[in-house]
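In: I need the structure of the sequence given here:
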Amino acid sequence: MKLTTWNCARGFEKKKSVIFSAAPDIAVIQECSRRSAEAAFLDVYAAAWVGDNPNIGMGVFYRNADWGVRRLEETTHGIQWVVPFEITGPENFTLIAVWACEAKGSKRESYVGQVNRALEEHPDWFENGPVVVAGDFNSNACWDKERHGRNHSTMVAKLRTCGLASAYHIVSKEEHGKETIPTFHLQKNREKAFHIDYIFIPDSWQQRPRMTVGDCSGWLPHSDHCPLTLELSPIPAPKLSSVERNG
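Out: Below is the predicted model of the structure:
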């Protein structure tokens, strides 16, 4: 399975080929329009879209021959945007798609505050099988001191209690706040680079991931974000005993 998350910085209809040419099974795309999510792409991809502005929202795209995607809740009570989806296919799991946005009038509630609030209010999301949390979190541990209570490290700790960890950090062995590969370049400036996009995966997957972050030289012409991609190796087939092989 290949799962990608990318904030496309709008205009996804003109950028879709740069993502879909890599053939992801599932792609979480932030800042895409409803129209771009409703359009068919070579009859291969379909999408579920969320947002309150048809020109900019979040889409979960999937290869419709092999996968199914269903939004689990019609509303998340003002949380923008942390949304659960049921994923069915070669891997069955709950995908919590994230585009952490500003909360008007509340710095504490903004960005990673939205993710923390969602985790506090919805422990039920983690009750049925594997869960993946993926998207643009607009967050990094380097900003923890600017936030009290609902900061990045609080979110990481909450997800850890649910049996999830960042796939990038599993593979890289780096600490949160000390990432060497950024996913975001403010105003497309390579000197203002941060790691703010994540894919958190369950313990049961943590022996199987391969992670890549798009190289900024190829992606900055398209967006201030680079895509983050998880490739999950298949579950090894169980070894059969001689009796089972010959049975």
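In: Residue 199 contacts residue 170, doesn't it?
Out: No: with contact defined as Cβ atoms under 8 Å, residue 199 does not count as touching residue 170 (10.0 Å). Heads up, the C-betas are built off the backbone N, CA and C, glycines and all.
In: how about the strands in this structure?
Out: For the chain, the strands defined by DSSP state E cover 2-7, 26-32, 45-53, 56-63, 68-71, 82-88, 93-99, 131-136, 164-166, 184-185, 193-194, 197-202, 209-213, 228-232.
In: now the second one against strand 93-99, angle please.
Out: If I follow you right, that is strand 26-32. If you take axes from the mean of the first three to the mean of the last three Cα atoms, to 10 degrees, strand 26-32 sits at 20 degrees to strand 93-99.
In: List the contacts of strand 26-32.
Out: For strand 26-32, the external contacting residues (Cβ atoms under 8 Å, 6 or more residues apart in numbering) are 1-10, 12, 19-20, 37, 45, 49, 56-63, 67, 69, 87, 95, 97-99, 134-136, 225.
In: Enumerate every residue touching the residue nearest to the spatial centre of the chain.
Out: Nearest residue to the geometric centre of the chain (Cα atoms, centre = their mean): residue 134, 1.9 Å. Residue 134 sits next to 3, 5, 28, 95, 96, 97, 98, 198, 199, 200, 228, 230 when contact means Cβ under 8 Å, 6+ apart.
In: Just the pLDDT at it, thanks.
Out: In this model, residue 134 is scored at 98, pLDDT.
In: so it bridges to which residues?
Out: Beta bridges link residue 134 to residue 97, residue 199 when assigned by DSSP bridges.
In: ok, now how distant is it from residue 217?
Out: Separation of residue 134 from residue 217 (Cβ to Cβ, to the nearest Å): 24 Å.
In: Then residue 175?
Out: As judged by Cβ to Cβ, residue 175 and residue 217 stand 26 Å apart.
In: Over to residue 123?
Out: 42 Å.
In: Can you tell me the number of residues neighbouring residue 133?
Out: Other residues lying near residue 133 total 27 when counted by other Cβ atoms under 10 Å.
In: What sits closest to residue 162 if chain neighbours are left out?
Out: residue 126 (4.6 Å; Cβ to Cβ, 6 or more residues apart in numbering).
In: these two touch, right, that neighbour and residue 161?
Out: No: assessed by Cβ under 8 Å, residue 126 is found out of contact with residue 161, at 9.2 Å.
In: Which one's more surrounded, the two?
Out: Taking neighbours as other Cβ under 10 Å, residue 126 and residue 161 compare with residue 126 leading, 20 against 10.
In: Low-confidence regions, this structure specifically.
Out: 40, 42, 74-76, 105, 235-247 (pLDDT under 70).
In: make it 50
Out: 245-247 (pLDDT under 50).
In: Counting neighbours, what do you get for residue 53?
Out: Close neighbours of residue 53, defined as other Cβ under 10 Å, add up to 8.
In: Going forward, the N-terminal residue is numbered 879.
Out: Renumbered: residue one is now 879, and that last one reads residue 931.
In: so what's it bridging to?
Out: Bridge pairing for residue 931 - DSSP bridges - gives residue 934.
In: From residue 1063, how far off is it?
Out: Noted for residue 931: a distance of 25 Å to residue 1063, by Cβ to Cβ.
In: can you check residue 1039 too?
Out: 32 Å.
In: same question, residue 944
Out: Taken as Cβ to Cβ, the span from residue 944 to residue 1063 is 33 Å.
In: which of these two has more neighbours?
Out: More crowded of residue 944 and residue 1063, by other Cβ under 10 Å: residue 1063, with 19 against 12.
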